[in-house]
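*Asks:* Show me the folded form of this:
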Amino acid sequence: AGLIDDSADAWGAELAREEGKTLPEAVAEVRGAARILRYYAGEADRESGEVYASPRPGENVLVVRKPIGVAGMITPFNFPIAIPAWKIAPALSYGNTVVWKPSSLVPLLAYRLARALTEAGLPGGVLNLVHGEGDAGSAIVDHPGVDAVSFTGSTAVGRAVIARCGELGKPVQTEMGGKNASIVLADADLDHAAEQVCLGAFRSTGQKCTATSRLIVADQVADELLERVADRAGRLVVGDPLEPGVEMGPLVSSAARDRVTAGVARAVAEGAEPLAGGEPLDRDGWFTPPTVLGLPGTGVDFWRTELFGPVVGAVRASGAEEALALANLSDHGLSAAVFTRDLGVALSAVDRLEVGVLHVNSESAGTFPHVPFGGAKQSGFGPKEQGRAAREFYTRTVTVYLGAPA
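*Replies:* Coordinates of the predicted model:
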């Protein structure tokens, strides 16, 4: 963690060049990886088991935890050091070895993380970095020496990994896609809600599994809120992520830009109204504008399909009941946000929304290393990541009946 912190400015610049997020975001991600390592360093000497009473005199029941063995990991491009850190750190802290394949789009930050762990004294062979395309990931999943697999990426690939691990009888943990909704109700602070919706939709160029891509607004305040969101989106500075004052960089690749452009065009063809952005930017590079769409309803493809870019589509709701129901109209269930001053509505959202992460009066994106992270429905499968939840995946329990000798 110390080595990573010392290199945060330099590695942040490399991350911005390699992945495209702005320099402040990139430096913050590098420092976030160091925080994750510090948290799991502390796990190494916390309790590793439990003691239970036994109905038999002279006996105790111990539940002890052991490493799972070799953990295979496949990580995405969008957080090239933070996501690997939150998989690798608990795996190592709980006593496992790691075989790790990062996205082929971000090899440099993967090298930086692996090198820092090695320079810090990690024994040879404990962390194994494998560069490659999808076939390298398949080889890790299939290898008989890999005891469990942790995957973060698209829903389609994640489901294939789940199916293959099921065939092989391997524990699997997946964090997959999201189509996250932000709900703004009539009693919300509209300036605050508009700012948070834009942060959730456009920071990191929308390339977050927790990004806001659906916006549900109460009829009474819809015009005001959408005007604020569209105005903020239209004023965002798009450009070279290393330049001061730039608020949104490019997408990670030409394929990503083409996918987002096609998705917006498809939504417009189905009746969506561009309130901000909507047209490709006339400049070199994989840039796309922050886009706000007024949707004709929830029947359009955009409501269901994750674009993984800076695009948010809005619909109107009559009130809290309809808004919560509309938010649940998705195969995904990773994150959601609710903006309201009504505590009762907030508690109702906790009960009713089918998500793994819920924000009340803050953007849909964001997570801390000491609390569980993961989704419901097709957004996640297996034990959650981060916090103490990671122990459920990277260890296995042995129940020991410890009796005194006769």
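*Asks:* Mind jotting down where the helices sit in the stretch 101-250 of the chain?
*Replies:* 107-119, 134-142, 155-168, 190-202, 222-235 (DSSP state H, counting those that start in this stretch).
*Asks:* Residue 333: which of those is closest?
*Replies:* Within the helices of the stretch 101-250 of the chain, the stretch nearest residue 333 is helix 155-168; the backing value is 11.3 Å (C-beta to C-beta). To be clear about C-beta, it is placed using only N, CA and C from the backbone, and glycine gets the same treatment.
*Asks:* so what's residue 310 up against?
*Replies:* 201-202, 205-206, 248, 260, 277, 288-291 (C-beta atoms under 8 Å, 6 or more residues apart in numbering).
*Asks:* Can you add mean pLDDT, mean neighbour count and distance to residue 349 and give the helices of the stretch 101-250 of the chain back as JSON lines?
*Replies:* Shown next, in JSON lines, are the helices of the stretch 101-250 of the chain (pLDDT from 0 to 100; neighbours: other C-beta atoms under 10 Å; distance: least, C-beta to C-beta, whole Å):
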{"stretch": "helix 107-119", "mean pLDDT": "97", "mean neighbour count": "19", "distance to residue 349": "36"}
{"stretch": "helix 134-142", "mean pLDDT": "97", "mean neighbour count": "16", "distance to residue 349": "36"}
{"stretch": "helix 155-168", "mean pLDDT": "97", "mean neighbour count": "16", "distance to residue 349": "24"}
{"stretch": "helix 190-202", "mean pLDDT": "98", "mean neighbour count": "22", "distance to residue 349": "14"}
{"stretch": "helix 222-235", "mean pLDDT": "97", "mean neighbour count": "18", "distance to residue 349": "18"}
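*Asks:* In contact with the spatially closest residue to residue 214 that is not a sequence neighbour, which residues are there?
*Replies:* What sits nearest to residue 214 in space, not counting adjacent residues and going by C-beta to C-beta, 6 or more residues apart in numbering, is residue 181, at 4.2 Å. Contact partners of residue 181, counting by C-beta under 8 Å, 6+ apart, are 212, 214-216, 326-327, 330, 336-337, 364.
*Asks:* What is the nearest of the residues you listed to residue 22?
*Replies:* Proximity of the contacts of residue 181 to residue 22 (C-beta to C-beta) peaks at residue 212, which lies at 17.7 Å.
*Asks:* Which pLDDT does the model give the closest one?
*Replies:* pLDDT, residue 212: 98.
*Asks:* For it, name its beta-bridge partners.
*Replies:* residue 180 (DSSP bridges).
*Asks:* other SSEs contacting the longest helix anywhere in the chain?
*Replies:* Secondary structure assigned by DSSP state H gives helix 23-43 as the longest helix of the chain. Contacts defined by 3 or more C-beta pairs under 8 Å, 6 or more residues apart in numbering; DSSP states H and E place helix 23-43 against helix 2-6, helix 8-19, helix 82-93.
*Asks:* Comparing these, which stretch has the densest surroundings?
*Replies:* Comparing those by mean neighbour count (mean count of other C-beta atoms under 10 Å), helix 82-93 comes out on top with a mean of 25.
*Asks:* Extract the C-alpha set from it and format it as CSV.
*Replies:* C-alpha atoms of helix 82-93 as CSV (Å, rounded to 0.1, in the frame of the first residue of the first chain):
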residue,chain,number,x,y,z
ALA,A,82,-9.0,-0.9,-7.8
ILE,A,83,-11.0,-4.0,-8.9
PRO,A,84,-7.9,-6.2,-9.0
ALA,A,85,-6.9,-4.9,-5.6
TRP,A,86,-10.3,-5.7,-4.0
LYS,A,87,-10.0,-9.3,-5.3
ILE,A,88,-6.3,-9.9,-4.8
ALA,A,89,-5.9,-8.3,-1.3
PRO,A,90,-8.5,-10.6,0.5
ALA,A,91,-7.3,-13.6,-1.4
LEU,A,92,-3.8,-13.1,-0.2
SER,A,93,-4.7,-12.0,3.3
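*Asks:* quick one, it and helix 8-19 angle?
*Replies:* On the basis of axes from the mean of the first three to the mean of the last three C-alpha atoms, to 10 degrees, helix 82-93 is oriented at 120 degrees to helix 8-19.
*Asks:* counting contacts, what elements does helix 82-93 pack onto?
*Replies:* Judged by 3+ C-beta pairs under 8 Å, 6+ apart, helix 82-93 is in contact with helix 23-43, strand 70-74, strand 97-101, helix 107-119, strand 148-152, helix 390-394.
*Asks:* Quick check: closest non-adjacent residue to residue 220.
*Replies:* Excluding the flanking residues, the one nearest residue 220 by C-beta to C-beta, 6+ apart is residue 186, at 4.3 Å.
*Asks:* check contacts around that neighbour.
*Replies:* 218, 220-221, 319.
*Asks:* In JSON lines, list the helices and strands packed on helix 23-43 along with distance to residue 265 and mean pLDDT.
*Replies:* Below are the helices and strands packed on helix 23-43 laid out as JSON lines (distance: least, C-beta to C-beta, whole Å; pLDDT from 0 to 100):
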{"stretch": "helix 2-6", "distance to residue 265": "41", "mean pLDDT": "97"}
{"stretch": "helix 8-19", "distance to residue 265": "25", "mean pLDDT": "98"}
{"stretch": "helix 82-93", "distance to residue 265": "30", "mean pLDDT": "97"}
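*Asks:* Right, I'll call it a day here.
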